[in-house]
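Chemist: Sequence isn't available, so here's the structure alone:
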């Protein structure tokens, strides 16, 4: 047994400020070195932040990164440890996502990320190449001091005495007692497998990550997959709090693990530094097993997203599926304990994202419209949690209820009571007369209950929220959800718009689950009762006049049941199934609730609306991505606004 003390660290990132991030890397490295760490690993692009976007193209950022690489090398030369961190590097005028390896003030090598992905933190192909064109002749902005102090591992034709590789390995056995491999992002999966098969092994993999926090993926599973592929111990450091929350949230879920053992994990959202001893001899059995070809790398299938299998069924065989698949919601785990954990994670992602946005723009107040429905309820809960995160009084949340033509006493009373129990600043602004005046201005008869009648109310409410926010230097928090975005069930520049949208990646069925969780968790019995009633209230925009104080406009009667639409959404958008397969799966899954022709009818509605309403999704506001796929126009599912649905509808003829 040979133990090596290693460290994975998530620093407090300042986006696009290499000088500030270098200070953090130096501080953490010195502390870890004092505790005996022989390897210290930081996240992907940790010197600049991974969410810089097109700032990666700016010379000011790239030059600053190189200058601070030099500073880190100088300030850590007394630490007897390999230090690995990420930065953007321009070589021969191509930009690369790189991991730098330092040891005692010397730059030993650059590892190039060799599988650039779309879904890590944006469209990476936009910024980075993922394969060297040949021998590197020029590293732009490279510090002169590092040219002569490199590790002299490889004498390149370029004159740079450092290893530049898409598959970096460094032999530190004499200095530190291990051989190091380096991986970045998802390129560790399969990266070392063939090399281990040949016996060209590494003892420890420093893996730099920037995986957004989503509720349907497990970081520890990912790290153990990397360990399996590399037959090595893995020190994985992940980006955390401080990165931009434009579309995603980073939780800093670092881990130190082997295929067999998770030695230590960090607590999500804490930006922790974890240090642990790893046994580099533990992998020997796995290496022998792979040499004799007795196993297949489990990463070929990747981390399991759900306990239940996804099955593609033909029209003739779906009835043979097991009975316990009935009523399956693909967005929700099966076990109650896992559902509870998912709800906790969703609330944490929302609150962290919103709190970060408030800090970034210097706003300590929030404005949110409250209707007494599910979506605005969850948005209010997110606001309350964000204020708790920042230790801000709930009175800084300006919650506004805006009754109109279709508001019922049930939703109005629930909204008013909920705001009071959460201790927020409550405002009520009746929009009826102002909308009537607007109708008079545009010569629209108030008895004409067309789309203008409905949308004018939604836009009036949004205008009020925006203007109140301006008056109070506050942020308007959007309430729209993932299912509504898929269907385009929102008023363009009405409830469609906000300054930050906390529910944008959460399906309606999951929102119902999260509010139910909150109702069970909350200690105030009267508030709990209100939340439960909100969960039981029919979904409605309440834009048409009520009938005897009863909701006249039930969304699911108009566009279809959300449990069906969320199922369609998952199977078409995430699994990529064709409509015939989706219809077969849904017919089996909902055989006890809906007749096949009803399911087919609503599937057609989903497809038609999904294609025709893309223009709304193309200008969606910022909001955190909670699940592993979303609609952000900056990095989620992308399609043209004028694409045809005909090929998809033809499947259903």
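Modeler: Arrived safely. Small disclaimer: the values here were computed from a predicted structure and weren't measured. Numbering: from 1, shown residues only.
Chemist: Going by C-alpha atoms from here, please, whenever you check contacts or count neighbours.
Modeler: Fine.
Chemist: The lowest-mean-pLDDT helix or strand in the chain: what's the following helix or strand?
Modeler: The helix or strand of the chain with the poorest confidence is helix 193-197; it has a mean of 47 (mean pLDDT, DSSP states H and E). The C-terminal neighbour of helix 193-197 among helices and strands, as given by DSSP states H and E, is strand 204-209.
Chemist: Helices along the stretch 501-650 of the chain, start to end?
Modeler: Secondary structure of the stretch 501-650 of the chain, counting by DSSP state H, counting those that start in this stretch: helices at 508-521, 525-536, 555-558, 562-569, 579-589, 596-612, 614-617, 646-650.
Chemist: these two touch, right, residue 651 and residue 579?
Modeler: Yes. Here residue 651 lies in contact with residue 579, judged by CA atoms under 8 Å, at a distance of 6.0 Å.
Chemist: more crowded one of these two?
Modeler: Comparing residue 651 with residue 579 by other CA atoms under 10 Å, the one with more neighbours is residue 579, at 22 against 12.
Chemist: I figured the more buried one hits residue 652, correct?
Modeler: Yes. With contact defined as CA under 8 Å, residue 579 reaches residue 652; the gap is 6.7 Å.
Chemist: ok, and residue 5, which helix or strand is that part of?
Modeler: In this structure, residue 5 is located in strand 3-9 according to DSSP H and E.
Chemist: That strand pairs with which strands?
Modeler: Sheet partners assigned to strand 3-9 using DSSP bridges are listed as strand 39-41 (parallel), strand 273-279 (antiparallel).
Chemist: After that strand, which helix or strand is next?
Modeler: Taking DSSP H and E as the definition, the helix or strand that follows strand 3-9 towards the C-terminus is helix 18-34.
Chemist: Show me what counts as buried in that next one.
Modeler: 18-30, 32-33 (16 or more other CA atoms under 10 Å).
Chemist: Same check on stretch 268-279?
Modeler: 268-269, 271-279.
Chemist: Show me where the stretch 251-400 of the chain has its strands.
Modeler: Applying DSSP state E, counting those that start in this stretch to the stretch 251-400 of the chain gives strands spanning 255-257, 262-265, 273-279, 365-369, 397-401.
Chemist: So for residue 522, which of those sits nearest?
Modeler: strand 397-401 (18.9 Å; CA to CA).
Chemist: just the angle between that closest one and strand 365-369, please?
Modeler: 20 degrees (axes from the mean of the first three to the mean of the last three CA atoms, to 10 degrees).
Chemist: Tell me which strands strand 397-401 pairs with, and in which orientation.
Modeler: Partner strands for strand 397-401, per DSSP bridges, with pairing direction: strand 365-369 (parallel), strand 425-428 (parallel).
Chemist: hmm, who's touching the helix or strand following the last one?
Modeler: In this case it means strand 425-428. Next along the chain after strand 425-428, taking DSSP H and E as the criterion, comes helix 432-441. When contacts are taken as CA atoms under 8 Å, 6 or more residues apart in numbering, the neighbours of helix 432-441 outside the stretch itself are 403-405, 445-446, 456-457, 460.
Chemist: again, only this time at 7 Å
Modeler: By CA atoms under 7 Å, 6 or more residues apart in numbering, the residues outside helix 432-441 that reach it are 404-405, 445-446, 456-457.
Chemist: what angle do the very next helix or strand once past it and strand 365-369 make?
Modeler: Sequence-wise, the next helix or strand beyond helix 432-441 is helix 451-471, with elements assigned using DSSP H and E. For helix 451-471 against strand 365-369, the angle by the same axes, to 10 degrees is 170 degrees.
Chemist: can you start the count at 534 instead of 1 from here on
Modeler: In the new count, where the first residue is 534, that last one comes out as helix 984-1004.
Chemist: Packing partners of helix 984-1004?
Modeler: Counting contacts by 3 or more CA pairs under 7 Å, 6 or more residues apart in numbering; DSSP states H and E, helix 984-1004 packs against strand 898-902, strand 1007-1011.
Chemist: in its sheet, what does the last one sit against?
Modeler: Read that as strand 1007-1011. Sheet partners assigned to strand 1007-1011 using DSSP bridges are listed as strand 898-902 (parallel), strand 1033-1034 (parallel).
Chemist: quick one: average confidence on the last one?
Modeler: Put plainly, it is strand 1033-1034. Taken as a whole, strand 1033-1034 has an average pLDDT of 96.
Chemist: now the first one
Modeler: Mean per-residue pLDDT for strand 898-902: 98.
Chemist: what residues does that strand touch?
Modeler: The set of residues that contact strand 898-902 without belonging to it, under CA under 7 Å, 6+ apart, is 909, 913, 929-934, 998, 1002, 1006-1010.
Chemist: do stretch 737-757 as well
Modeler: Taking contacts as CA under 7 Å, 6+ apart, the residues outside stretch 737-757 that touch it are 574-577, 583, 653-654, 712-718, 765-772, 781-784, 786, 788, 790-792, 836, 838, 875, 878-879, 1158-1161.
Chemist: now stretch 877-888
Modeler: If you take CA under 7 Å, 6+ apart as the criterion, stretch 877-888 is touched by 748, 778, 782, 915-916, 918-919, 922-923, 1035, 1157, 1159.
Chemist: switch the cut-off to 8 Å
Modeler: Contact partners of stretch 877-888, identified using CA under 8 Å, 6+ apart, comprise 746, 748, 778, 781-782, 802, 915-916, 918-920, 922-923, 1033, 1035-1036, 1047, 1156-1157, 1159.
Chemist: that older thread, from the buried residues of helix 551-567, which is closest to residue 588?
Modeler: Proximity of the buried residues of helix 551-567 to residue 588 was ranked by CA to CA; the top entry is residue 551 with 12.4 Å.
Chemist: ok, that closest one to residue 587 distance?
Modeler: 16 Å (CA to CA, to the nearest Å).
Chemist: and what of residue 641?
Modeler: Counting by CA to CA - residue 641 and residue 587 are separated by 29 Å.
Chemist: Give me the mean pLDDT for stretch 1075-1090.
Modeler: Here the mean pLDDT over stretch 1075-1090 is 85, rounded to a whole number.
Chemist: Name the residues of the top helix by length along the chain that are buried.
Modeler: Longest helix in the chain by number of residues, with DSSP state H as the criterion: helix 869-894. If you call a residue buried by 16+ other CA under 10 Å, then helix 869-894 has these buried ones: 872-873, 875-876, 878-891.
Chemist: again with stretch 1065-1084
Modeler: Along stretch 1065-1084, these residues count as buried under the neighbour rule (16+ other CA under 10 Å): 1065-1068, 1072-1079, 1084.
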